[in-house]
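Visitor: Pasted the sequence and its predicted model underneath.
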Amino acid sequence: MKILQSFAVVLLLLGTCVFIDVPGAFAKGEHYRRLAANLLVLQGDLRQLVEHSTSVKHLQSLHGRIEEKLAVLELLVRYANQENLLISKDSPEFFHKLKRLFVSENFFELENDLDRLSKKYPLLLSPVLHSGLTTEYFKQAEKIHQSLCSGCHSGALSESAVPAFDLFRQSRTMSRREFAARILTGLRGDQLTSLENPFTDTELSALISYYRNSVPVEIN
């Protein structure tokens, strides 16, 4: 316990950012984290679809994305459980039911079922500080954004069929947990990373805090 307390003090002194791993928080593995993140994104997308709080083109893309995520949900659950040596108690019929609810536009019941599943597989992130980055972390996150994210996520494509939203604005219109989930599910690497998440958890934490707490700078 004393070791963990000392570790926490060091993190606070360093001025680390919004999300930092708690010992064991990601012990469940990458498959589990991807499942948990996808469940949060599914719920967020469904809310947007129900509220019609976006353009017609985006609503169409939301519909297609929800359909795709529901189609692979059973597989994600199976991988997460295998990774943790667990046997899934959710029958194939349950996942068929989710797809039927979506097709029949029974969004209320679908939302409730997804919420129960998300509580069963929560995204394990821990807020250490709500704001405040050291200059080193801030510059690191800014460099990542400018070199890898800003090209698409500047807001210019927000009205396309598959929009890439302004990440600064998006980070402030949803909960930290949902935005973190969207960052996790939206990451795409390159040939060197086998199209997997190319960032460490510390880099992701810095990036999330950067979007939520800084002022975007126009790049000429």
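Guide: Cool, the structure landed.
Visitor: what does stretch 35-50 rub up against?
Guide: 54, 58-59, 62-63, 65-66, 69-70, 73, 76-77, 79-80, 107, 110-111, 114-115, 117-118, 121-124, 174, 177-178, 180-182, 184-185 (Cβ atoms under 8 Å, 6 or more residues apart in numbering). Heads up, the C-betas are built off the backbone N, CA and C, glycines and all.
Visitor: can we see that at 7 Å?
Guide: Stretch 35-50 is contacted from outside by 54, 59, 62-63, 65-66, 69, 76-77, 80, 107, 110-111, 114-115, 117-118, 121-123, 174, 177-178, 181-182, 184-185, using Cβ atoms under 7 Å, 6 or more residues apart in numbering.
Visitor: Stretch 65-81 too?
Guide: Outside stretch 65-81, the residues that reach it (Cβ under 7 Å, 6+ apart) are 31-32, 34-35, 38, 42, 45-46, 49, 87-88, 90, 92, 95, 98-99, 102, 121.
Visitor: rewinding a little: quick check: PyMOL command selecting the buried ones in the contacts of stretch 35-50.
Guide: To isolate the buried members of the contacts of stretch 35-50 in PyMOL, using 16 or more other Cβ atoms under 10 Å:
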select buried, resi 54+62+66+69+76+77+80+107+110+111+114+117+118+121+123+174+177+178+181+182+184+185
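Visitor: among the contacts of stretch 35-50, which are in helices?
Guide: 59, 62-63, 65-66, 69, 76-77, 80, 107, 110-111, 114-115, 117-118, 177-178, 181-182, 184-185 (DSSP state H).
Visitor: mind listing the helices for the chain?
Guide: Counting by DSSP H, the helices of the chain are 2-14, 30-51, 56-83, 92-103, 107-120, 135-144, 167-171, 176-186, 201-213.
Visitor: Grab the nearest non-local neighbour of residue 94.
Guide: Of all residues beyond its chain neighbours, the one nearest residue 94 is residue 113 (7.8 Å), with distances taken as Cβ to Cβ, 6 or more residues apart in numbering.
Visitor: lowest-pLDDT helix or strand in this protein?
Guide: Least confident helix or strand of the chain, by mean pLDDT, DSSP states H and E, is helix 2-14 with a mean of 32.
Visitor: Taking the centroid of the chain, which residue is nearest it?
Guide: In the chain, the C-alpha nearest the mean C-alpha coordinate belongs to residue 181, at 1.1 Å (Cα atoms, centre = their mean).
Visitor: So what touches stretch 100-116?
Guide: With Cβ under 7 Å, 6+ apart as the criterion, stretch 100-116 contacts 39, 42, 43, 46, 50, 66, 67, 70, 98.
Visitor: Point out where this structure drops to low pLDDT.
Guide: 1-27, 126-134, 154-163, 187-198, 215-220 (pLDDT under 70).
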